[in-house]
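J.: heads up, no residue letters with this:
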């Protein structure tokens, strides 16, 4: 039996099916089965949807992803539960369910509706607010442990157009501000073996290609200049919306990531490679967490 629906479901009635319908399902004493199928508005399974089942005290009992058909079936102790289903770009679905002993509580088919994307910032010139922004990276050291670092000094301007797709941005990063929290390693990263900051003091990214991927997702494609080489790079970007800071100033935020291949930018530690040691992995993940404010 299912009650107190807080989301949307199909016209198929939800019901508890007795033990003769679930006899083939191995079930411990005192347990029942909870199941559901999650679809989008055109009755297709929702990619990457996840579910969480909690008890009446809000404690997580079970959760995870859906199968390729958009379904899940879980065994839980008999009792009252709350179900939450979420997927990127969709409004969340929530429902209450009662699972009886040795029975199947089927929630039937539920529909996730596309979420309204957050409002975009007003058109005009905005600048990155460095105090509340980070530009970080992750690389593999000798193919084993991950090394995480960041650039401490950077600046950037975004010109937001009336049509956001026609916007442009320019970011400049001080290469010498690289910081992995180990001085010897940072000095090496600044050397001619890697970033060669004496010859190439900055990293720069310029883009005038903003493509809306749906919901809060955007692709920002532009030219990244690093180590004297310029390549096309696409930032997989999640726009987080507009808010107000502690002093009431308007600001907007986003997260973005991309994967860079060292060889594309001729970044290789030649002295180590000559000895047959691959000090850092072939790719480096870059993660940005950025807040922007109107340019003064």
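T.: Sure thing, it's come through. Predicted model, so just to flag it, every value in this text is computed and none were measured.
J.: Select the longest helix from the chain.
T.: helix 183-190 (DSSP state H).
J.: per-residue pLDDT, residue 117?
T.: Among the per-residue scores, residue 117 holds a pLDDT of 80.
J.: what's the answer for the one 5 residues further on, then?
T.: Residue 122 is assigned 94 on the pLDDT scale.
J.: Contacts only, for it.
T.: With contact taken as C-beta atoms under 8 Å, 6 or more residues apart in numbering, residue 122 is in contact with residue 160. No exception for glycine: its C-beta is placed from N, CA and C like everyone else's.
J.: next one: phi and psi at it?
T.: Here is the backbone geometry of residue 122 (degrees, to the nearest 10): phi -70, psi 150.
J.: ditto for the one 10 residues further on
T.: Backbone torsions of residue 132, given as degrees, to the nearest 10, read phi -110, psi 30.
J.: what about it, distance to residue 253?
T.: Remark: distance between residue 132 and residue 253 (C-beta to C-beta, to the nearest Å) = 8 Å.
J.: who's more crowded, these two?
T.: Set residue 132 next to residue 253 and count neighbours by other C-beta atoms under 10 Å: residue 253 wins out with 19 against 14.
J.: who's the more buried one bridged to?
T.: residue 241, residue 291 (DSSP bridges).
J.: I'd assumed residue 244 was in contact with it.
T.: No - if you go by C-beta atoms under 8 Å, residue 253 and residue 244 don't touch, sitting 11.6 Å apart.
J.: So what does the residue most central in space within the chain look like in phi/psi?
T.: Nearest residue to the geometric centre of the chain (C-alpha atoms, centre = their mean): residue 238, 7.0 Å. Note on residue 238: backbone dihedrals following degrees, to the nearest 10 are phi -110, psi 120.
J.: and the nearest residue to it once chain neighbours are set aside, what does it touch?
T.: Nearest residue to residue 238 in three dimensions, chain neighbours excluded: residue 255, at 4.8 Å (C-beta to C-beta, 6 or more residues apart in numbering). Shown in contact with residue 255 (C-beta under 8 Å, 6+ apart): 237-238, 240, 287-290.
J.: Most neighbours among those, which one?
T.: residue 290 (23 neighbours).
J.: Contact partners for that one?
T.: By C-beta under 8 Å, 6+ apart, the contact list for residue 290 reads 128, 133-134, 156, 253-256.
J.: Now do the phi/psi pair for the residue lying closest to it once chain neighbours are set aside.
T.: Of all residues not flanking residue 290 in the chain, residue 133 sits nearest, at 4.6 Å (C-beta to C-beta, 6+ apart). Here is the backbone geometry of residue 133 (degrees, to the nearest 10): phi -130, psi 150.
J.: my read: residue 133 touches residue 287, true?
T.: No - counting by C-beta under 8 Å, residue 287 is not a contact partner of residue 133; they are 11.5 Å apart.
J.: hang on, the earlier thing: can you give the distance from the helix or strand where the residue nearest to residue 238 lies to the centre of its chain?
T.: According to DSSP states H and E, residue 255 maps onto strand 250-261. The chain centroid and the centroid of strand 250-261 are separated by 10 Å under C-alpha atoms, centre = their mean, to the nearest Å.
J.: got it, and stretch 45-59?
T.: 18 Å.
J.: got a list of contacts for it?
T.: Contacts of stretch 45-59 (C-beta under 8 Å, 6+ apart): 34, 36-40, 60-66, 68-70, 72, 74, 76, 79-88, 90, 112.
J.: Let's see that with 7 Å instead.
T.: Stretch 45-59 is contacted by residues 34, 38-40, 60-66, 68-70, 72, 74, 76, 79-88, 90, 112 when judged by C-beta atoms under 7 Å, 6 or more residues apart in numbering.
J.: If you count neighbours, what's buried in that stretch?
T.: Residues 46, 49-51, 53 are the ones in stretch 45-59 that count as buried (16 or more other C-beta atoms under 10 Å).
J.: Present those as JSON lines; the columns should include pLDDT.
T.: Listed next are the buried residues of stretch 45-59 as JSON lines, based on pLDDT from 0 to 100:
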{"residue": "46", "pLDDT": "88"}
{"residue": "49", "pLDDT": "92"}
{"residue": "50", "pLDDT": "94"}
{"residue": "51", "pLDDT": "95"}
{"residue": "53", "pLDDT": "96"}
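J.: which of those lies closest to residue 185?
T.: residue 50 (37.2 Å; C-beta to C-beta).
J.: Check the gap between the closest one and residue 160 for me.
T.: In terms of C-beta to C-beta, residue 50 sits 32 Å off from residue 160.
J.: same deal with residue 53?
T.: Counting by C-beta to C-beta, the gap from residue 53 to residue 160 is 41 Å.
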